[in-house]
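In: Sharing a sequence plus its predicted fold:
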Amino acid sequence: WTDPESSTNPIRFYAAGNADITPATDPDGDGLPWARENFLHRTSPTSADTDSDGMPDGWEVGRQLNPLDPVDAAQDADNDWVNNLQEFLDGTDPRDQLSHVARTFYVSASGSHTPPFITWATAAKDIQSAINVSDAGDIVLVTNGTYSTGSVTIGGVMNRIAVLKAITVKSVNGPDVTTIQGSSASRCAYLANNAVLSGFTLTGGRLLVANSEGGGAYAVGCMLTNCRIVSCRAALGGGVFGGTSIDCTIIGNTASDDGGGVYEAVLNNCVLTNNTAGLHGGGSYGGTLDDCELVGNFADSEGGGSYGGTLTGCELSMNSASNSGGGAYMATLSYCTVSNNVAAYDGGGAGLTVLDHCLVVGNLADGVGGGTLYATLDHCTISDNTALWWGGGSFFDTLNNCVIYNNTAYMSGGGVFGSDMANC
């Protein structure tokens, strides 16, 4: 495949070298016209892979690799831990560090800690090291153990791990056997940029400074799934600050201010129990909760179970508040059960709350409004609530299409005191 005229005639050579790729101009189908192969690249116009390294000549030339050197197949031009040949096989760009298929990096206490941690034998010994070599779309897979080393400072706050890219960090066998251990001055996990954390217990993260956020996890814009957040502390969101939590259990966390369990988060099918807030929202503060259980939480002001927020299909039970709203305060509840909550003053079940199709039963206020206080209720049932003063079931509420029975007040208004009722 030679054309003596084109080698001596610049116009002919230009035309041949820049011809459209057709079977006639590119007989070996490697993406290079035969004239370029002969006179520019010195590759074979009858072999698509002159150096037999598994990468076509045209693909190598287009990505500034050497089509005459088979060694570059095993090299990594963009330092993304994927060699050039694998990038060709994956259809990715060997010159773009962010261009690669999703990779899995491994973490194990028994690994050799040999970068890039792409096998169990070479696994990282700490989670952060594997996170550091990952890119968006990758997975960091963590086997059993308690991970208590590593520290990343974000905004002046230390974190055991910090996930600042859209990767998934997940355990092999779940939160029963895989733990991220915080410390008296370190949050367990900081998540950003759509990161996902799945299958861990986060415990012992304690931020003992004013305005601190999320002792267990700071997760704004990110997601936790199948996690257990236990015994963590912060000013706002003792367990979790922000983000979305799915199938999580949030136990025994403390907020010096608001949101003992969570603060301004989205929760689906979660359990919040035995969390404490120094001010508002023992279980949760704000946010959106669907199909969750809030049990045994405490607020030293209002909203033992929840302060604010929108709750649907939730159970609020055995929560308490030192002031008002043992179950909920200033919240919106739909299809919820509010039972056996206690307020030291008013609104044993709920105060200043909108309730739709809810069951309010067995709540207690040491003052007024054993069931509800200054609330709006539609299609609700209010029964077996108690107030030591007035309004055993309802105190100055707006009630529409409700059923009220078997409530007790020791002074006046066993069922209702001062409420507006329609079709009740």
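Out: Looks like it arrived, so ask away.
In: quick check, V140 in a helix?
Out: No: counting by DSSP: H, G, I helix; E, B strand; the rest coil, V140 falls outside a helix, being strand.
In: Distance of it relative to G242?
Out: Computed as Cβ to Cβ, to the nearest Å, the V140 to G242 distance reads 21 Å. Placement of C-beta: from N, CA and C, glycine included.
In: So for those two, which residue has more residues nearby?
Out: V140 (27 against 23; other Cβ atoms under 10 Å).
In: I figured the more buried one was touching K170, is that so?
Out: Yes: using Cβ atoms under 8 Å, V140 makes contact with K170 at a distance of 7.3 Å.
In: quick check: mean pLDDT across the strand or helix carrying V360?
Out: Per DSSP states H and E, V360 falls inside strand 359-361. In this model, strand 359-361 has a mean pLDDT of 98.
In: Kindly report the same for stretch 276-286.
Out: On average, stretch 276-286 scores 98.
In: Show me the helices in this structure, by range?
Out: For the chain, the helices defined by DSSP state H occupy 4-8, 10-17, 34-36, 57-62, 84-90, 127-132.
In: Can you read off the pLDDT for S47?
Out: Predicted confidence (pLDDT) for S47: 78.
In: Low-confidence stretches in this structure?
Out: The model of the chain has pLDDT under 70 over residues 1-26, 28-32, 34-35, 37-39, 43, 57, 78, 81, 85-91, 97-101.
In: make it 80
Out: For the chain, the stretches with pLDDT under 80 are 1-51, 53-60, 62, 65, 67-68, 70-74, 76, 78-92, 94, 96-102.
In: what number of residues lie near the closest residue to D300 other than its chain neighbours?
Out: Spatially, and ignoring its direct neighbours in sequence, D300 is nearest to S322 (4.8 Å; Cβ to Cβ, 6 or more residues apart in numbering). Residues lying near S322 (other Cβ under 10 Å) number 17.
In: So which bits of stretch 267-287 are buried?
Out: Of the residues in stretch 267-287, 267, 270-287 count as buried by neighbour count, 16 or more other Cβ atoms under 10 Å.
In: now, which of these lie within strands?
Out: Counting by DSSP state E, these place L267, V271, L272, T273, T276, A277, S284, Y285 in strands.
In: Include distance to P56 when you put the residues you listed into CSV, please.
Out: Putting these into CSV (distance: Cβ to Cβ, whole Å) gives the following:
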residue, distance to P56
L267, 52
V271, 56
L272, 58
T273, 61
T276, 65
A277, 63
S284, 58
Y285, 59
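In: Which one of the residues you listed is nearest to G309?
Out: Distances from G309 to those, taken as Cβ to Cβ, are shortest for S284 (5.9 Å).
In: Does the closest one touch C270 like I think?
Out: No: S284 is not in contact with C270 according to Cβ under 8 Å; the separation is 9.2 Å.
In: Enumerate every residue touching A234.
Out: A234 makes contacts with R187, G205, R206, L207, S212, E213, G214, G215, F241, A255, S256, as judged by Cβ atoms under 8 Å, 6 or more residues apart in numbering.
In: how many other residues sit next to G174?
Out: G174 has 16 nearby residues by other Cβ under 10 Å.
In: so N406 touches T381, yeah?
Out: No: using Cβ under 8 Å, N406 makes no contact with T381, being 10.5 Å away.
In: separation between T332 and D72?
Out: On the measure of Cβ to Cβ, T332 and D72 end up 62 Å apart.
In: More neighbours: those two, which one.
Out: Of the pair T332 and D72, D72 is the one with more neighbours under other Cβ under 10 Å, namely 22 against 18.
In: For the closest residue in space to the more buried one that isn't next to it in sequence, give me its contacts.
Out: Distance criterion Cβ to Cβ, 6+ apart; nearest residue to D72, sequence neighbours excluded, is L65 at 5.0 Å. Contact partners of L65, counting by Cβ under 8 Å, 6+ apart, are M55, W59, D72, A77, N84, P94.
In: Repeat that for L202.
Out: Contacts of L202 (Cβ under 8 Å, 6+ apart): T179, I180, G182, C188, A189, G216, A217, C227, R228, I229, V230, C232.
In: now do T398
Out: Listed by Cβ under 8 Å, 6+ apart, the contact set of T398 reads A375, T376, L377, S419, D420.
In: Give me the most central residue, the chain.
Out: M223 (1.2 Å; Cα atoms, centre = their mean).
In: Would you confirm that it contacts V196?
Out: Yes: M223 lies in contact with V196 (Cβ under 8 Å); the separation is 4.8 Å.
In: returning to that earlier point: quick check, nearest of the contacts of L202 to Y345?
Out: Looking across those and measuring by Cβ to Cβ, the closest to Y345 is C232, at 29.0 Å.
In: Counting neighbours, what do you get for W390?
Out: 22.
In: Contacts only, for the closest residue to it other than its chain neighbours.
Out: Residue nearest to W390 in three dimensions, not counting chain neighbours: F417, with 4.3 Å by Cβ to Cβ, 6+ apart. Contacts for F417 (Cβ under 8 Å, 6+ apart) come out as V368, G369, W390, G391, S394, F395, F396, A409.
In: Now for the residues you listed: which two are most distant?
Out: F396 and A409, at 13.0 Å, using Cβ to Cβ across these.
In: So those two - more neighbours on which side?
Out: A409 (24 against 18).
In: Any idea what the more buried one is bridged to?
Out: According to DSSP bridges, the residues that bridge with A409 are A387.
In: and the closest residue to T178 other than its chain neighbours, bridged to which residues?
Out: Leaving out its chain neighbours, the residue that sits closest to T178 by Cβ to Cβ, 6+ apart is S171, at 3.7 Å. Assessed by DSSP bridges, S171 has beta-bridge partners V142.
In: S171 is in contact with V142, isn't it?
Out: Yes: under the criterion of Cβ under 8 Å, S171 makes contact with V142 at 5.0 Å.
In: For L364, which residues are in contact?
Out: Each residue near L364 by Cβ under 8 Å, 6+ apart is listed here: G326, N341, V342, A343, G348, G370, N385, T386, A387.
In: So which of these belong to strands?
Out: V342, A343, T386, A387.
In: Which one of those is nearest to A124?
Out: Of all these, A124 sits closest to V342, with 48.2 Å by Cβ to Cβ.
In: G282 against S301, yeah?
Out: No: using Cβ under 8 Å, G282 is not in contact with S301, being 9.6 Å away.
In: joint contacts of those two?
Out: By Cβ under 8 Å, 6+ apart, the residues touching both G282 and S301 are A321.
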